[in-house]
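Chemist: got a predicted model here, sequence first, then my questions.
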Amino acid sequence: MASLYNTFFLEHVLIIYMENFAKKEKLKMKMKCVVIVDPELPIGLVANTASILGCSLGKAHPEINGEDTFDKNDQFYPGIVNIPIPILKADSNKINEIHRQANQYEEIEVISFVDVAKQVNNYEEYKTKLKQSTDENLNFWGICLYGSEKKVNNFNGSLPMLR
């Protein structure tokens with residue numbers, strides 16, 4: 001019985017050690033973020049897509065947000081992101097392709113915004129419709145890639161800035 005307990009204990013300690021090691025390694029890794037949007041969308045949807053992806057990134061990774069601050073007159077300014085987030089452009093087919101490929105890498109988190117949002121009236125309908133869909137039948141308006149700089153660069157190197 002003691003042997004079984006010892007084995008369980010050692011496995012548990014090893015798992016915790018490995019998880020902490022992975023977290024430390026991720027912190028050592030140089031991180032990069034890019035947002036890629038479809039420039040063929042109306043300008044309002046381009047802006048909306050980029051802002052929604054940025055909000056989702058901030059929710060998933062609050063560590064990228066700077067601390068709150070004040071101006072000379074003591075006016076409050078909430079913290080903003082403290083990393084650069086270039087907005088790049090690619091057509092929807094290219095965005096779909098990048099989405100599929102980037103999702104294959106553990107070192108990259110992919111945040112997506114798809115056309116389902118325009119087909120519904122509220123978030124509950126959005127979730128329901130999305131659960132009935134697969135990425136093959138979704139039209140990606142934009143994606144955010146956040147992760148290892150080296151891996152993210154594989155996908156954004158040839159994409160132009162949105163201007």
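Modeler: In hand now; what should we look at? Keep in mind it's a predicted model, so treat the numbers as computed, not measured. Numbers count the residues shown, from 1 in each chain.
Chemist: what strand or helix carries residue 110?
Modeler: With elements taken from DSSP states H and E, the one containing residue 110 is strand 108-114.
Chemist: again but with residue 67, I slipped
Modeler: If you go by DSSP H and E, residue 67 is not part of any helix or strand.
Chemist: and the contacts of the strand holding residue 110?
Modeler: Applying CB atoms under 8 Å, 6 or more residues apart in numbering, the contact partners of strand 108-114 are 49, 52-53, 56-57, 60-61, 99, 102-103, 130, 133, 138-148, 151-152, 155. (Each C-beta comes from the backbone N, C-alpha and C, glycine too.)
Chemist: okay, and the beta partners of the residue positioned nearest the centre of the chain?
Modeler: Nearest to the geometric centre of the chain sits residue 111, at 3.9 Å (CA atoms, centre = their mean). Judged by DSSP bridges, the bridge partners of residue 111 are residue 144.
Chemist: how about residue 32?
Modeler: Residues in beta-bridge contact with residue 32 (DSSP bridges): residue 147.
Chemist: got the contact list for it?
Modeler: 145, 146, 147, 148, 149, 152, 153.
Chemist: likewise residue 84?
Modeler: residue 33.
Chemist: and it, how far is that from residue 43?
Modeler: Distance, residue 84 to residue 43, using CB to CB, to the nearest Å: 22 Å.
Chemist: residue 96 now?
Modeler: Residue 96 is 21 Å from residue 43, by CB to CB.
Chemist: for the two, indicate the residue with more neighbours.
Modeler: Neighbour count, other CB atoms under 10 Å: between residue 96 and residue 43, residue 96 has more, with 20 against 8.
Chemist: which helices and strands does the one helix or strand that one maps to pack with?
Modeler: Following DSSP H and E, the helix or strand that holds residue 96 is helix 92-102. Contact here means 3 or more CB pairs under 8 Å, 6 or more residues apart in numbering; DSSP states H and E; on that basis helix 92-102 packs against strand 31-37, strand 108-114, strand 140-148, helix 149-156.
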